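Visitor: This is the structure alone, sequence omitted:
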């Protein structure tokens, strides 16, 4: 949980800055919408890198062990994040600035691509019988905790520096150097994470597989040859989760603060600070319902819980026409939209760190679960803010909801064909 909190903190401070800072400082001036789309494009680069990270770190995770690989993923993410805080801006370095920003974002993706499956396996392979979803829930809490810390740090800095994104110029102290503080602070958090991870021991399930000579030379090849079906199912099981999260955390910030205008010509005008405060409230529901989902998945099974939640996500998306109508949306209704969205996110995200590892054999579990998780990030998350920004501008906010509902439908199909995995014995597969 500590390690994933740090990794997600690093990942989410980029998402926050992608809306607030990077369009102004790292791209040519003149067209605000184009700069925002360009910023979202670099944001999406990390998701293209994540499957590569899962293959790279998965290879060593299934060959060398879970512990050493988790240390490597943490260092990759931490160093890239720290370096973002030192990058020159477009005014200082021209097109080199967005190129370096894209490179560091790609490195972040590599690190997080190897992080999640290692943390999930560490939890699931050491869990008590009948409590695997509850044990696997703990690293999942890193997502809401990291998000809370990332937005909380930005909020504190903005308030201390008296920054209002709606009125302040690009030469404000926050835009000059204040935005760099969260990225530089990640160095301290990485040191804490390393201290924790270096004290870990290898999981008994992996140690048993090594003892029995079950390691394979090329885990990704073995996955593609023997586990292609769970690979496809696991990928689409995660698609709705990813799409939901990046719509209600990244895209919705640009929509709610008026950086993108609905096709109707009406745009919302919530201040960025107010929006951050609302997100910090809503993310608490995310954390609580991650924990709730762990209990539910152990009691009723992974499949049933996820089918019900996915149906709710589809209904939520189809309601965007009314709940996010710019002519009637208030700060209060926006908070309600965020709370409902992140509650659903907690319920769908919580069981995933049990479900995906349970689909794969021990000798390819790190690679298989990681590749599924991160291929889903390309389909469900990488382009979600970009597509949603285009949809709301050209077709209206209701079509963003339709987009979410389609993602939910793809996940529903995968869940229907997936077998229940609650009673799978991890050391028997």
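Guide: Right, received. Where do you want to start? All of these numbers come straight from a predicted model, not from anything done at the bench.
Visitor: can you pull the buried residues of the lengthiest helix in the chain?
Guide: Ranked by number of residues, the top helix in the chain under DSSP state H is helix 32-63. Judged by neighbour count using 16 or more other CB atoms under 10 Å, the buried positions of helix 32-63 are 35-63. (Glycine included, C-beta is placed from N, CA and C.)
Visitor: Stretch 83-101 now?
Guide: Neighbour-count burial for stretch 83-101 [16+ other CB under 10 Å]: 83, 84, 85, 87, 89, 90, 97, 98, 100, 101.
Visitor: same question for it, mean pLDDT?
Guide: Averaged across stretch 83-101, pLDDT comes to 92.
Visitor: Pull up the distance across it, start to finish.
Guide: In stretch 83-101, first residue to last residue: 9 Å (CA to CA, to the nearest Å).
Visitor: what comes into contact with it?
Guide: Contacts to stretch 83-101, defined as CB atoms under 8 Å, 6 or more residues apart in numbering, come from residues 14, 22, 25-28, 38, 42, 104-105, 180-184, 186.
Visitor: Can you tell me which of those is closest to residue 258?
Guide: Using CB to CB, residue 22 comes nearest to residue 258 of the contacts of stretch 83-101, at 17.6 Å.
Visitor: Please name the residues that touch that closest one.
Guide: Here residue 22 is in contact with 39, 42, 101 (criterion: CB under 8 Å, 6+ apart).
Visitor: And it, how close does it get to residue 297?
Guide: Here the criterion is CB to CB, to the nearest Å. By it, residue 22 lies 37 Å from residue 297.
Visitor: residues in contact with residue 242?
Guide: Neighbour list for residue 242: 376, 377, 379, 380, 381, 384, 407 [criterion: CB under 8 Å, 6+ apart].
Visitor: With secondary structure, distance to residue 398 and pLDDT as extra columns, can I get those in CSV?
Guide: Shown next, in CSV, are the contacts of residue 242 (DSSP: H, G, I helix; E, B strand; the rest coil; distance: CB to CB, whole Å; pLDDT from 0 to 100):
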residue, secondary structure, distance to residue 398, pLDDT
376, helix, 25, 91
377, helix, 25, 85
379, helix, 22, 90
380, helix, 20, 89
381, helix, 21, 82
384, helix, 16, 88
407, helix, 15, 97
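Visitor: tell me the mean pLDDT over the strand or helix carrying residue 232?
Guide: Taking DSSP states H and E as the criterion, residue 232 maps to helix 228-246. Summarised as a single mean, pLDDT over helix 228-246 is 95.
Visitor: Which positions within that helix qualify as buried?
Guide: So for helix 228-246, counting by 16+ other CB under 10 Å, buried means 230-231, 233-246.
Visitor: Name the next helix or strand downstream of the longest helix of the chain, please.
Guide: Sequence order places helix 66-84 as the next helix or strand after helix 32-63, per DSSP H and E.
Visitor: quick one: buried residues of that next one?
Guide: For helix 66-84, by 16+ other CB under 10 Å, it's 66-74, 76-84.
Visitor: just to revisit the earlier point, which of the buried residues of stretch 83-101 fall within helices?
Guide: In helices, defined here by DSSP H, the members of these are 83, 84, 90, 97, 98, 100, 101.
Visitor: Excluding chain neighbours, what is closest to the fourth one?
Guide: When the adjacent residues along the chain are set aside, residue 97 lies closest to residue 90, with 4.6 Å between them (CB to CB, 6 or more residues apart in numbering).
Visitor: Next up, identify which helix or strand residue 392 is on.
Guide: Using DSSP H and E, residue 392 falls in helix 384-394.
Visitor: quick one: low-confidence ranges for the stretch 51-200 of the chain?
Guide: Residue ranges of the stretch 51-200 of the chain with pLDDT under 70: 65-66, 165-170.
Visitor: now the strands for it?
Guide: Applying DSSP state E, counting those that start in this stretch to the stretch 51-200 of the chain gives no strands.
Visitor: can you map out the helices along the stretch 151-300 of the chain?
Guide: Counting by DSSP state H, counting those that start in this stretch, the stretch 151-300 of the chain has helices at residues 173, 180-197, 204-211, 219-226, 228-246, 252-256, 272-300.
Visitor: With distance to residue 332 added, can I get those in a markdown table?
Guide: Below are those laid out as a markdown table (distance: least, CB to CB, whole Å):
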| stretch | distance to residue 332 |
| --- | --- |
| helix 173 | 32 |
| helix 180-197 | 29 |
| helix 204-211 | 48 |
| helix 219-226 | 47 |
| helix 228-246 | 21 |
| helix 252-256 | 12 |
| helix 272-300 | 10 |
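Visitor: From what I see, residue 154 and residue 13 are in contact.
Guide: Yes: Residue 154 lies in contact with residue 13 (CB atoms under 8 Å); the separation is 7.0 Å.
Visitor: between the two, what contacts are shared?
Guide: The contact sets of residue 154 and residue 13 overlap at residue 182 (CB under 8 Å, 6+ apart).
Visitor: what residue ranges in the stretch 201-350 of the chain score low on pLDDT?
Guide: Residues of the stretch 201-350 of the chain that meet the criterion pLDDT under 70 lie in 202-203, 205-207, 209-216, 218.
Visitor: try 90
Guide: Low-confidence segments of the stretch 201-350 of the chain (pLDDT under 90): 201-224, 226-227, 246, 249-250, 253-254, 257-274, 276.
Visitor: coming back round to it: in the contacts of residue 242, find the pair that's most separated.
Guide: When CB to CB is used, the two most widely separated members of the contacts of residue 242 are 377 and 407, lying 12.3 Å apart.
Visitor: where does the helix holding residue 232 sit relative to the chain's centre, distance-wise?
Guide: 13 Å (CA atoms, centre = their mean, to the nearest Å).
Visitor: and it with helix 32-63, angle?
Guide: With axes from the mean of the first three to the mean of the last three CA atoms, to 10 degrees applied, the angle from helix 228-246 to helix 32-63 works out at 140 degrees.
Visitor: Pull the number of nearby residues for the residue nearest to residue 307 when sequence neighbours are not counted.
Guide: Using CB to CB, 6+ apart and skipping residues adjacent in sequence, the residue nearest residue 307 is residue 415, 5.0 Å away. Residue 415 has 23 neighbours, counted by other CB atoms under 10 Å.
Visitor: Please list all residues in contact with residue 415.
Guide: 237, 303, 306, 307, 310.
Visitor: could you measure it against residue 257, distance?
Guide: 35 Å.
Visitor: do the same with residue 265
Guide: Taking CB to CB, one finds residue 265 at 17 Å from residue 257.
Visitor: higher neighbour count, these two?
Guide: Shown here are residue 265 and residue 257; by other CB under 10 Å, residue 257 has more neighbours (22 against 8).
Visitor: Quick check: that one touching residue 275?
Guide: Yes: Residue 257 lies in contact with residue 275 (CB under 8 Å); the separation is 5.6 Å.
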